[in-house]
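**Q** Give me a model of this one.
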Amino acid sequence: MRKLGQEALEIKRNEQSFDRKRKTIGMFGAPLLAILIFFTPIDGLSVEAHKLLSIMVLVSLWWITEPVPIPVTSLIGPVLAVVTGVVKGSDAFAAFANPMIFLFMGGFILAKAMMLHGLDKRFSYWLLSMSWVGSNPRRIFLAIGLAAALCSGWVSNTATAAMMLPISLGLLSAIKDMMAANGKDIDLSDYKYATGLMLMTAYAASIGGVLTPIGTPPNLIMLGFLDQMANIHISFFEWMTWGLIAMVLYFVIAYVVLMKLFPPDVDKIEGAEEFIAQRTKELGEWTRAQKNTLFCFVVAVILWVAPGVLSIVMGTTSPVLTMYNRLFPEEIAAMAGALLLFIIPVDFNKRKFTIKWEEAKEGIEWGTLILFGGG
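**A** This is a model prediction of the structure:
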């Protein structure tokens, strides 16, 4: 045990040493490279474009090496663009009020409400309690992955992984107890199935991010680039059409590979159904806050999906669809659902609403919003 502890400590020290070297190289190497690029003649580039290229090199390398926090680097870019005369201040910081920022913000607030009131856990336990799951380890493996993938399509990948972690650990604890009752003592840190289940949780939380535009920030960043740079607008519904196909394909590959690498050594896990039933029971009846949150979430989803339905029913050139897209773009749909959380009461006599600003702002990943603006 002591030897394992020393090895783990040594690995941690090596990681910290590598991290320090990476940051040090980035801190001094990136500015030097940016200056070198600025003084390197490049035909076809204006002076402003040459300056911008140097700034992009600096910012990109600092994003990778992280000598300073990523949101700070994202702010350095537009500041340098103004100081060096590339653009005016009003132009440099206009991107921080881009509509996509508010699509992010609305999604973050909805996700925070779901986690705050336990709606995410209720959904996951509901999926795991389905009769087809039972106590079959392969089906539990599949259900855990599906729960993570479907949740991460609407909630951030990190939050989904954090939410699914205790569920996965609880199932593994039940497996260990069952094995012990049968006279077989297992170490979860060396148990193949346990490793596979945790990896499935992590991978599925990332895989599900492709389902919707708000599933993961890169989706929205790409939508913003396509809209601004190529005048290509992809609706929420259109993204989901192909996002679902991509998610299913990635999920099947991950499931097959992980099942091959980390197969279960039993055909039935005793106690799994009881564990899920107990956790579901602990959730109790639906609360007013949960019902309100579900309603707000459904409102946002309906507003997101409606353009796709209208285009199918009325055609892509319909004036109704054109008006709808003008009145209810994706960012308005997200903010509408999020803002309803502050308006719909849980207890009006006490002036208690579904979510408070102090709670909502904790769920907003301000660094991500700044990253998007800087990018």
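
**Q** you'd agree T201 is up against I144?
**A** Yes: with contact defined as Cβ atoms under 8 Å, T201 counts as touching I144 (5.9 Å). In this view, the C-beta of every residue, glycine as well, is placed from N, C-alpha and C.

**Q** Identify the contacts common to these two.
**A** Listed as contacting both T201 and I144 by Cβ atoms under 8 Å, 6 or more residues apart in numbering are 164, 168.

**Q** Which segments of the protein make up each domain?
**A** What the TED database lists as the domains of the chain is 1-88, 119-223+237-270.

**Q** model confidence over the last one, on average?
**A** Model confidence over domain 119-223+237-270, given as mean pLDDT, is 80.

**Q** And the first one, by the same measure?
**A** Mean pLDDT, taken over the full extent of domain 1-88, equals 85.

**Q** Going forward, the N-terminal residue is numbered 5.
**A** Sure, I'll start counting at 5 from here, so that last one is domain 5-92.

**Q** picking that back up, what's the closest of the domains of the chain to T321?
**A** Closest approach to T321 among the domains of the chain (Cβ to Cβ): domain 123-227+241-274, 15.5 Å.

**Q** Mean neighbour count, the domains of the chain: which tops it?
**A** The highest mean neighbour count among the domains of the chain, using mean count of other Cβ atoms under 10 Å, belongs to domain 123-227+241-274: a mean of 18.

**Q** what distance separates that domain from the middle of the whole chain?
**A** Put simply, domain 123-227+241-274 sits 15 Å off its chain's centre (Cα atoms, centre = their mean, to the nearest Å).

**Q** Check stretch 78-88 too.
**A** 28 Å.

**Q** got the CA positions of it in PDB?
**A** Provided in PDB are the C-alpha atoms of stretch 78-88 (Å, rounded to 0.1, in the frame of the first residue of the first chain):
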ATOM      1  CA  SER A  78      -9.400  36.000 -24.100                       C
ATOM      2  CA  LEU A  79      -9.500  39.500 -22.900                       C
ATOM      3  CA  ILE A  80      -5.900  40.200 -23.800                       C
ATOM      4  CA  GLY A  81      -6.600  39.600 -27.500                       C
ATOM      5  CA  PRO A  82      -9.100  42.500 -28.000                       C
ATOM      6  CA  VAL A  83      -7.100  44.800 -25.800                       C
ATOM      7  CA  LEU A  84      -4.000  44.300 -27.900                       C
ATOM      8  CA  ALA A  85      -6.100  44.700 -31.000                       C
ATOM      9  CA  VAL A  86      -7.100  48.100 -29.800                       C
ATOM     10  CA  VAL A  87      -3.700  49.200 -28.500                       C
ATOM     11  CA  THR A  88      -1.900  48.200 -31.700                       C
END
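
**Q** Point out where the stretch 255-379 of the chain drops to low pLDDT.
**A** Counting by pLDDT under 70, the stretch 255-379 of the chain shows low-confidence ranges at 273-276, 312, 320.

**Q** Try it again at 50.
**A** The stretch 255-379 of the chain contains no residues with pLDDT under 50.

**Q** Show me where it has its strands.
**A** Remark: strands assigned in the stretch 255-379 of the chain by DSSP state E, counting those that start in this stretch are 349-351, 356-357.

**Q** want to throw these into a markdown table with mean neighbour count and distance to A152?
**A** Conversion of the strands of the stretch 255-379 of the chain to a markdown table gives the following (neighbours: other Cβ atoms under 10 Å; distance: least, Cβ to Cβ, whole Å):
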| stretch | mean neighbour count | distance to A152 |
| --- | --- | --- |
| strand 349-351 | 14 | 29 |
| strand 356-357 | 15 | 30 |
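
**Q** so how far is the lengthiest helix in the chain from its chain's centroid?
**A** Looking across the chain with DSSP state H, the single longest helix is helix 6-42. Distance, stretch centre to chain centre, for helix 6-42: 26 Å (Cα atoms, centre = their mean).

**Q** what's the answer for stretch 327-337, then?
**A** Worked out by Cα atoms, centre = their mean, stretch 327-337 lies 23 Å from the chain centre.

**Q** tell me how far the ends of it are from each other?
**A** 14 Å (Cα to Cα, to the nearest Å).

**Q** List of residues touching that stretch?
**A** Applying Cβ under 8 Å, 6+ apart, the contact partners of stretch 327-337 are 103-107, 110, 217, 239-240, 304, 307-308, 310-311, 314, 340.

**Q** same check, this time on stretch 232-243
**A** 216-217, 223, 227, 230-231, 308-313, 315, 329, 334, 337.

**Q** By neighbour count, which of the residues you listed wins?
**A** If you count neighbours using other Cβ atoms under 10 Å, the busiest of these is E334, which has 27 neighbours.

**Q** hey, where'd the helices end up in the stretch 255-379 of the chain?
**A** Applying DSSP state H, counting those that start in this stretch to the stretch 255-379 of the chain gives helices spanning 276-287, 292-318, 323-331, 334-347, 361-367, 370-378.

**Q** Let's have these in CSV, adding distance to L192.
**A** CSV is the format used below for the helices of the stretch 255-379 of the chain (distance: least, Cβ to Cβ, whole Å):
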stretch, distance to L192
helix 276-287, 15
helix 292-318, 32
helix 323-331, 51
helix 334-347, 39
helix 361-367, 31
helix 370-378, 33
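
**Q** Out of those helices, indicate the one that is most buried.
**A** helix 334-347 comes out most buried of those by mean count of other Cβ under 10 Å, with a mean of 20.

**Q** Roughly how far does L192 sit from A310?
**A** 46 Å (Cβ to Cβ, to the nearest Å).
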